[in-house]
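Novice: Task: produce atomic coordinates for the following.
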Amino acid sequence: METERIDMIANIWTGTKVRLRPIEPGDWEKFHQNDQDSEGARLCDAVHFPRSSEGTKAWAEHQASQTPSGDNIMLAIETLDGELVGSINTFSSDTRNGTFKYGLAVFREHWRKGYASEAVKILLGYYFRELRYQKATAHVYAFNEGSIALHERLGFTQEGRLRNMIFTNGRHYDELVYGMLSSEYEKWKQ
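Specialist: Numbering: from 1, shown residues only. This is a model prediction of the structure:
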């Protein structure tokens, strides 16, 4: 009887494909493998100097020991089968104005499986419905066609273009600013 009750409890951090959870020290290997994908790194942030296995282990241990800084947090994205497929983080969370930014990275072998969109939906649901934020913002590099398509498919509005903000692969690129209001999320969620 008790087991049946537990099965019926919904978890706000779990969708139909993925769940969001804290980063664990044992996640280091998947993140280290992902660090080898220079093109993937370029799409999310920048191509950094190589990091040793020990460096990635230390990073994962540090992330695992972190508590949220205000409402800023980094979470792992894993499938319901427990496979780590990426990460999502919030930053610049401003409780006074009710705004936050987020970033997302899904490991290349898991692209186009719906994991990114579900992770964003879970995150937005928590920030809009539980923490009372009223706006989410994502900055997307103009050459990241997958992220542009994702945000437009999710109903984000392109609010701006910052010209020549990113230098990578020998040239400058624009950065696109996408936003979604909580009221837009609620309409879309229905």
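Novice: Now for the chain: which helix has the highest residue count?
Specialist: In terms of residue count, the longest helix belonging to the chain (DSSP state H) is helix 115-129.
Novice: for it, which positions count as buried?
Specialist: 115-124, 126-128 (16 or more other CB atoms under 10 Å). All C-beta atoms are positioned from the backbone trio N, CA, C, and that covers glycine.
Novice: what's the distance between stretch 56-64 and the middle of its chain?
Specialist: Relative to its chain's centre, stretch 56-64 lies at 18 Å (CA atoms, centre = their mean, to the nearest Å).
Novice: buried set for it?
Specialist: Buried residues in stretch 56-64, counted by 16+ other CB under 10 Å: 56-57, 59-61, 63.
Novice: and which of those is nearest residue 32?
Specialist: Within the buried residues of stretch 56-64, distances to residue 32 taken as CB to CB reach their minimum at residue 56, with 4.1 Å.
Novice: Just give me the neighbour total for the closest residue to the closest one other than its chain neighbours.
Specialist: Spatial nearest neighbour of residue 56, chain neighbours left out: residue 32 (4.1 Å); criterion: CB to CB, 6 or more residues apart in numbering. Here the number of neighbours of residue 32 (other CB atoms under 10 Å) works out to 18.
Novice: what sits against residue 32?
Specialist: Taking CB atoms under 8 Å, 6 or more residues apart in numbering as the definition of contact, the neighbours of residue 32 are 51, 53, 56.
Novice: CSV for those, including secondary structure?
Specialist: What follows is the contacts of residue 32, written out as CSV (DSSP: H, G, I helix; E, B strand; the rest coil):
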residue, secondary structure
51, coil
53, helix
56, helix
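Novice: now those as JSON lines including distance to residue 182 and pLDDT?
Specialist: Formatted as JSON lines, the contacts of residue 32 follow (distance: CB to CB, whole Å; pLDDT from 0 to 100):
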{"residue": "51", "distance to residue 182": "37", "pLDDT": "91"}
{"residue": "53", "distance to residue 182": "42", "pLDDT": "94"}
{"residue": "56", "distance to residue 182": "36", "pLDDT": "91"}
